[in-house]
Every structure is written in C-alpha cells, then in structure tokens.
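Q: Here is my input, please return the structure:
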Amino acid sequence: MSANWKSVALTVLLAALASGGGAWLGAGWMMKRHETPGLHDIVHRKLDLKPEQDARLDAIEARFAAQRQQLEADVRAANRELADAIAASKGDSPEVRAAVDHFHDAMGALQKATIAHVFEMRAVLTPEQARVFDREIAGALTQEPR
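A: You can find the predicted model right below:
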C-alpha cells in the first residue's frame, strides 16, 4: 500500500509541475504574440488615417498603455505566485490550484482588455479601414511562430 501511495503522490506532483510549467510557457508565448505585429503598426502604417482619426487613436492608445502595463504586471505577479506555490508544495495543493486560478484570471483580464481596446480603436475607422484592420488583426492572431 505504501508504494501505491508514493506512486499517486509522485503523479500528482508531476502533474502540478507540468501544469505550472505549461502556464508559465503559455504566458510567455501570449505576451510575445501580443507584441508582434503591434496594433500600433497595423493602425498607423497600414491605414490611411485622417488627422482627426490619428488624434483619437493616439488618445485611445495612451489610455490603454497604462492599463496594459498594470495588467501585464498582474500576470507577472500571478506567475510568481504560481512558481512559489509549486516550489512550496508537495503536490497539487489548494495553494497551487488557487495560484493557477489567479494566473488564469490575470491572463483573462489582459485578453479581455486587449480585445475591448481593439474594438474601441476599430470604432474610429471608416468601413474600408475597418476591413483592412480586421484582416490584419486576424492575420496577426493566426500567424504561426517563427
């Protein structure tokens, strides 16, 4: 019976480590993917903006930059919390599960805010600009890693 218990404990520990490692790698991948190509580049290089649109978009981007910085800091803090919980845990503990949930919540908040930002910017565009914008955004989201 003791050997069986050790096997279960080892399996739980490995599952917790794999889960934490996957979450950490996923966060890094999402952060890099969010940056290339940049939304700023798509808007300001691919669209023929009128000066009024440019000014409105600059204000939207400035507001989001501060929000994004805080959300990314939350993701990093949740990632550290997860790493600490895994390091202190003997397996899939309540602390590890709570840290995973916190990490998912932080990543979800970043993704939701980014999507809201995309739609806020899109609302400033003409229908033709919006078609180009949508195509570029879809391409950026489906781009394979290099």
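
Q: For the strand or helix carrying Glu52, name the packing helices and strands.
A: If you go by DSSP states H and E, Glu52 is part of helix 51-88. Where contact means 3 or more Cβ pairs under 8 Å, 6 or more residues apart in numbering; DSSP states H and E, helix 51-88 is packed against helix 2-35, helix 39-46, helix 94-122. Where you see a C-beta, it was placed from the backbone N, CA and C, and this is true even at glycine.

Q: per-stretch mean pLDDT over these, give me the minimum one.
A: Among the helices and strands packed on helix 51-88, helix 2-35 carries the lowest mean pLDDT, at a mean of 61.

Q: rewinding a little: what are the buried residues along the helix holding Glu52?
A: Buried residues in helix 51-88, counting neighbours by 16 or more other Cβ atoms under 10 Å, are found at 53, 56-57, 60-61, 64, 68, 71, 74-75, 78-79, 81-83, 85-86.

Q: try stretch 99-112
A: Within stretch 99-112, judged by 16+ other Cβ under 10 Å, the buried ones are 99-100, 102-103, 106-107, 109-110.

Q: Would you convert the residues you listed into CSV that also reports distance to Arg131?
A: Compiled in CSV, these are given as follows (distance: Cβ to Cβ, whole Å):
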residue, distance to Arg131
Ala99, 42
Val100, 39
His102, 39
Phe103, 36
Ala106, 33
Met107, 30
Ala109, 29
Leu110, 27
